[in-house]
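Asks: Here is the input, now give the coordinates:
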Amino acid sequence: MAEQRKIRVAVIFGGRSPEHEISCVTAGGVISAIDTDRYEVVPIGIARDGSWVLYSADPAKLAIVDGRLPEVDSSGPELAVPFSGGSDLLVYDGDAPRRLGGVDVVLPLLHGPLGEDGTIQGLFEMMDARYVGAGVFASAASMDKVFMKTLFTGHGIPTGPYVAVPDRAWRAERKRVLDDIADLGGTVFVKPARGGSSVGISKVPDAADSEAVTAAVEEARRHDPKVIVEAAVSGREVECGVLESLDGGVPEVSQPAEIHVADGFDFYDFEAKYLSSSSLTIPARLPSEVVAEIRREAARTFEALGCEGLARVDFFYGDDGRVYVNEINTMPGFTSSSAFPQMWAEAGLEYPALVDRMLRTALNREPGLR
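Replies: So this is what the prediction gives:
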């Protein structure tokens, strides 16, 4: 009897967003967890210049070493795209193309714009390729914090006050925008509207301080011409993991985790997330009725935005006793020490089994409109 072929998984990471390095770290963790008895991994790195290369499957090459973050080296064998399960993957290592065979499922471990925002999902749709995670619209809407919060409001999902700062408004109506921000009152957070990993985020203690707000907006605009300014919510930061059901039923929700920012950090910024001793309490020590509300709102948020596969929903449990949904991430950080895998490990779904479940969910979904 012929030996059954392994399922071929194209693991894609890197990309052109400011979260390039974190995507690489995520890929290293996932590659180390994939069951190689069942799956054949095809590691594909996207360099900062946009080139696609066949990469090493050694997770050590994608790890943080002595505080140094990894990145994709574009000098590897160049990959010809597009590809699909019905055609061979071509790699150019010299003049002649080398055929690697077809791909059964794609695992896009890209964070931020030009990857997590529906762009690469659209490419997969055009190629008729199965892939892990949310589709085009859900990815795009979840990446753009302004549209995300608009959808939250439309579905009655509780979220905090904010002001959208589109490029045109900032250039043509700056005084009105600054007045709107001042009306938020108190402390505000200024963010790239389509960013993540806390890249480009500033905390401004006084929304009426136009000079400080202007500097923060300009910093955010270095990463995205569209900016969002959110009123700070005084309270505790909580996260909750969501997984698409394997049988088509309601999504499954983890127990929430509470974030404890390391000493010396004013808020949960990039260094506090990835290069410090910030920690999690899982499950969060919250009143049972608050836990129930957080889990309910996590599932509702996942479905309201039409997400698939997986997501992490971020909350504030305010000092006023209310629960606020801050945002949803359709491809959360995924190293073994990241919040999302830790929350599911607490539920009994260990890291390798979690990765396997994501792949099986994607393989069960037929390509095309859904």
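Asks: so residue 254 makes contact with residue 342?
Replies: No - the criterion here is CB atoms under 8 Å, and residue 254 misses it with residue 342 at 9.1 Å. C-beta coordinates here come from the backbone N, C-alpha and C atoms, glycine included.
Asks: Going by how many neighbours each has, rank those two and give me the top one.
Replies: Remark: of residue 254 and residue 342, residue 254 carries more neighbours, 26 against 18, as counted by other CB atoms under 10 Å.
Asks: Quick check: that one vs residue 280, distance?
Replies: Applying CB to CB, to the nearest Å, the value for residue 254 to residue 280 is 12 Å.
Asks: Now residue 366: which helix or strand?
Replies: Under DSSP states H and E, no helix or strand contains residue 366.
Asks: hmm, I was thinking of residue 153
Replies: Going by DSSP H and E, residue 153 is part of helix 145-154.
Asks: Mind giving me the packing neighbours of the next helix or strand after that helix?
Replies: Using DSSP H and E, the helix or strand that follows helix 145-154 in sequence is strand 162-165. Judged by 3 or more CB pairs under 8 Å, 6 or more residues apart in numbering; DSSP states H and E, the packing partners of strand 162-165 are helix 145-154, helix 174-182, strand 227-231.
Asks: and the spatially closest residue to residue 139 that is not a sequence neighbour, what does it touch?
Replies: Setting aside the residues directly before and after it, residue 139 is nearest to residue 118 in space (CB to CB, 6 or more residues apart in numbering), at 4.0 Å. Taking CB atoms under 8 Å, 6 or more residues apart in numbering as the contact definition, residue 118 lies against 135-140, 143.
Asks: Of those residues - the most surrounded one?
Replies: Busiest of these [other CB under 10 Å] is residue 143, holding 29 neighbours.
Asks: Isn't that one up against residue 330?
Replies: Yes - contact status for residue 143 versus residue 330: in contact at 7.5 Å, counting by CB under 8 Å.
Asks: overlap in contacts of those two?
Replies: residue 116.
Asks: what pLDDT does residue 83 get?
Replies: Here the pLDDT value assigned to residue 83 is 59.
Asks: no no, residue 276
Replies: What the model reports as pLDDT for residue 276 is 48.
Asks: Over to residue 370?
Replies: So, for residue 370, pLDDT stands at 68.
Asks: that older thread, which of the helices and strands packed on strand 162-165 sits most buried?
Replies: Ranked by average neighbour count under the criterion mean count of other CB atoms under 10 Å, the helices and strands packed on strand 162-165 are headed by strand 227-231 at a mean of 23.
Asks: Which strands border that strand, and is each parallel or antiparallel?
Replies: If you go by DSSP bridges, strand 227-231 pairs up with strand 162-165 (antiparallel), strand 188-192 (antiparallel).
Asks: For residue 203, find the nearest of those.
Replies: Closest to residue 203 of the strands paired with strand 227-231 is strand 188-192 (CB to CB; 5.7 Å).
Asks: Which residue ranges of the protein form helices?
Replies: 20-33, 119-126, 136-143, 145-154, 167-172, 174-182, 210-221, 270-274, 288-304, 339-346, 351-364 (DSSP state H).
Asks: Check what pLDDT the closest residue to residue 112 other than its chain neighbours gets.
Replies: Once flanking residues are discounted, residue 112 sits nearest to residue 17: 3.2 Å by CB to CB, 6+ apart. At residue 17, the model reports a pLDDT of 88.
Asks: Which residues are in contact with residue 17?
Replies: For residue 17, the contact set (CB under 8 Å, 6+ apart) comprises 23, 110-116, 195.
Asks: between the residues you listed, which is closest to residue 131?
Replies: Using CB to CB, the contacts of residue 17 come closest to residue 131 at residue 110, 11.0 Å.
Asks: Kindly provide the distance from the nearest residue to the closest one once chain neighbours are set aside to residue 41.
Replies: Spatial nearest neighbour of residue 110, chain neighbours left out: residue 15 (4.5 Å); criterion: CB to CB, 6+ apart. Distance from residue 15 to residue 41, counting by CB to CB: 18 Å.
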